[in-house]
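>>> based on what follows, work out the 3D shape:
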Amino acid sequence: MLKRLATVAISGAFLIGTVAGVAPATLAAPESGVEAPVDVATPVEAPVAAPAPSITSATATLDSVAVAWTWGDEATAPEGVTGVVVRVSPGDHEVEVESTAVAATVTELDPATDYTIELLSSFDGILGDPSEPFEVSTLSEVDTGSDVVDAASSKPMATSGDVTSLIVTLKSEVAPAAQAEAATDDLALIGVDVEETKELGATNVRVDLTEGVSDADAAVLIADIEDDPTVESVMVNERVFRTAFPTDPPDDTYWANDSLWGLYGTYGIGIASDKSTMNSVWATGQGSGTVVAVLDTGSTAHPDLDANYVAGYDFVDNGTSNCRSGISDSDGDYINTSTYGALGWDNNPLDPGDWTTVTSPSCGSASNSSWHGTHVAGTVAAVGNNSIGVIGVAPQAKIQPVRVLSYDGGYTSDIVAGITWASGGTVSGVPANATPADVINLSLGGVGSCT
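Residues are numbered from 1 along each chain as shown. As a prediction, this is how the structure comes out:
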């Protein structure tokens, strides 16, 4: 048992106080005119107490508890901390691990018992103040006729990683969020749980995890959840990004000087081999009466597009920023919510710009705004024969801007919700689409494993 020491000054000496089972020092009976000697151990001054780690989860089995913790905003233990003590009571069970550890298991506990867990920072055996207590109960025994079965004892500990949420597709549209919560109530890994669920429309539900897990652990969770009879399928909620345009041949925007290569030829959309053939295509139809939903970075006010817009929606959920230094919000609407709408899902699909300031594998190179959604909308349905700008492949069609990408890209879950809403489906908390799309365009992509 480790000891917590305290020192008290008495008449120039030190008295070692009684803490955690340490016997008190004794004072000899004084003789007349003689100061009593103090029988004490050499005092030990503890370092300045560092805060204890914070318990994030505790998972009980029949006779053990697996405890996980963090150091708050710090990635590692404070300087000088040499270990972490996990104390479980009643019973004075203790385990000490190195300061680099973030989890530990306390064993030899009694079944069906309520326990209190505390964590303490250790300075070479001297303990700091305890953490806030955490209550947990061990499991009850299940009698199978011959053996005692511990339902949780075979679970492995989750490995930290980048997968923070899943998309669960249910077989029934009845209360999908409640079904998803039931299907994910007992995950196959220790140290991770469900933090929140969000309906995405139809039978799709986003399931956010309390901790990011590795790709391998995500596969374990997916396989386990898909065993539930109410579940159709499960996938990782991937982040995707706008697809890049080729820079050669020229990408300026005037039909008159043969620059609209995006409509025909080698780099075109494939409906005409050259400029004259494209004219023949327009002669047969220009998209009148058709609504095309463009799921992209959003819309901008533009004289070549304004007449062809119908009401859209913003499905970019807010989260933690990766691609702009010093910014905490991943939804670019933060720059002016009066103009671009509230953070998170809202009915304003205006594009606030997707410039980035961070160069990384996921963000690419720092860059100016692409206005990608406007570019795609113009390719689809820019107004024709108005003597300005460009002409779209279907200049009489209507564009429904559905914002699903920000400067940090966009999550599959938001795109699923955008597709559902654009096609006329119901998304919880979102008004019905008055002009459901006949065609949905997604010029975006990401990197991930195929399933």
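>>> elements contacting the strand or helix carrying D414?
Counting by DSSP states H and E, the secondary-structure element that holds D414 is helix 412-422. Secondary-structure packing of helix 412-422 (3 or more CB pairs under 8 Å, 6 or more residues apart in numbering; DSSP states H and E): strand 160-170, strand 194-201, strand 204-213, strand 239-242, strand 291-296, strand 398-403, strand 439-442. C-beta coordinates here come from the backbone N, C-alpha and C atoms, glycine included.
>>> any idea which of the ones you listed has the lowest pLDDT on average?
Ranked by mean pLDDT, the helices and strands packed on helix 412-422 bottom out at strand 239-242, with a mean of 82.
>>> make JSON lines from the helices and strands packed on helix 412-422 and add mean neighbour count and distance to S122 to it.
Rendered in JSON lines, the data for the helices and strands packed on helix 412-422 read as follows (neighbours: other CB atoms under 10 Å; distance: least, CB to CB, whole Å):
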{"stretch": "strand 160-170", "mean neighbour count": "20", "distance to S122": "23"}
{"stretch": "strand 194-201", "mean neighbour count": "19", "distance to S122": "31"}
{"stretch": "strand 204-213", "mean neighbour count": "22", "distance to S122": "25"}
{"stretch": "strand 239-242", "mean neighbour count": "20", "distance to S122": "40"}
{"stretch": "strand 291-296", "mean neighbour count": "27", "distance to S122": "53"}
{"stretch": "strand 398-403", "mean neighbour count": "28", "distance to S122": "51"}
{"stretch": "strand 439-442", "mean neighbour count": "18", "distance to S122": "54"}
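>>> about what we covered before: could I get the helix holding D414 in CSV with only the CA atoms?
Coordinates of the C-alpha atoms in helix 412-422 are reproduced here as CSV (Å, rounded to 0.1, in the frame of the first residue of the first chain):
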residue,chain,number,x,y,z
THR,A,412,-20.4,10.9,-45.3
SER,A,413,-23.1,11.3,-42.7
ASP,A,414,-23.9,14.9,-43.9
ILE,A,415,-23.8,13.7,-47.6
VAL,A,416,-26.2,10.9,-46.8
ALA,A,417,-28.6,13.4,-45.2
GLY,A,418,-28.2,15.7,-48.2
ILE,A,419,-29.0,13.0,-50.7
THR,A,420,-32.0,11.9,-48.7
TRP,A,421,-33.4,15.5,-48.5
ALA,A,422,-32.6,16.4,-52.1
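>>> contacts for that helix?
For helix 412-422, the surrounding residues in contact (CB atoms under 8 Å, 6 or more residues apart in numbering) are 165, 167, 198, 200-202, 204, 206, 235-240, 293, 295, 313, 315-317, 345, 400, 402, 404, 426-427, 430, 433, 436-437, 440, 442, 444, 446.
>>> hang on, the earlier thing: make TSV from the helices and strands packed on helix 412-422 and add distance to L62 to it.
TSV is the format used below for these (distance: least, CB to CB, whole Å):
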stretch	distance to L62
strand 160-170	26
strand 194-201	23
strand 204-213	23
strand 239-242	40
strand 291-296	50
strand 398-403	50
strand 439-442	50
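>>> what segments of the stretch 101-250 of the chain are strands?
For the stretch 101-250 of the chain, the strands identified by DSSP state E, counting those that start in this stretch occupy 103-106, 114-123, 126-130, 134-137, 142-143, 148-149, 160-170, 194-201, 204-213, 231-236, 239-242, in order along the chain.
>>> which among these is found nearest to V95?
When the strands of the stretch 101-250 of the chain are compared for distance to V95 using CB to CB, the nearest one is strand 103-106, at 5.2 Å.
>>> give the closest residue to F241 in space, chain neighbours not counted.
If you skip the residues right next to it in sequence, F241 has G409 as its closest partner in space, 4.2 Å away by CB to CB, 6 or more residues apart in numbering.
>>> do you know how far the one you found is from P349?
Counting by CB to CB, to the nearest Å, the separation of G409 from P349 is 17 Å.
>>> the more surrounded of the two?
Looking at G409 and P349 with other CB atoms under 10 Å, you find the greater number of neighbours at P349, namely 26 against 23.
>>> mind listing what that one touches?
If a contact means CB under 8 Å, 6+ apart, then P349 has G298, S299, G312, Y313, D314, P401, V402, R403 as its contacts.
>>> identify the farthest-apart pair in the residues you listed.
When these are compared pair by pair using CB to CB, the farthest-apart members prove to be S299 and Y313, with a separation of 10.9 Å.
>>> now do the shared contacts for the two.
Shared between the contact lists of S299 and Y313 (criterion: CB under 8 Å, 6+ apart) are residues P349, R403.
>>> can you check the pLDDT for A46?
Confidence at A46, expressed as pLDDT, is 44.
>>> got the contact list for T107?
Counting by CB under 8 Å, 6+ apart, T107 has contacts D63, S64.
>>> now with 10 Å, please.
Contact analysis of T107 by CB atoms under 10 Å, 6 or more residues apart in numbering lists T61, D63, S64, V65, A66, V88, H93, V95.
>>> nearest to S214, of the residues you listed?
Proximity to S214 was ranked across those by CB to CB; first place goes to A66, at 17.5 Å.
>>> ok but the closest one is inside a helix, no?
No. Secondary structure assignment (DSSP: H, G, I helix; E, B strand; the rest coil) places A66 in strand, not in a helix.
>>> what's the neighbour count on it?
Residues contacting A66 under the criterion other CB under 10 Å number 20.
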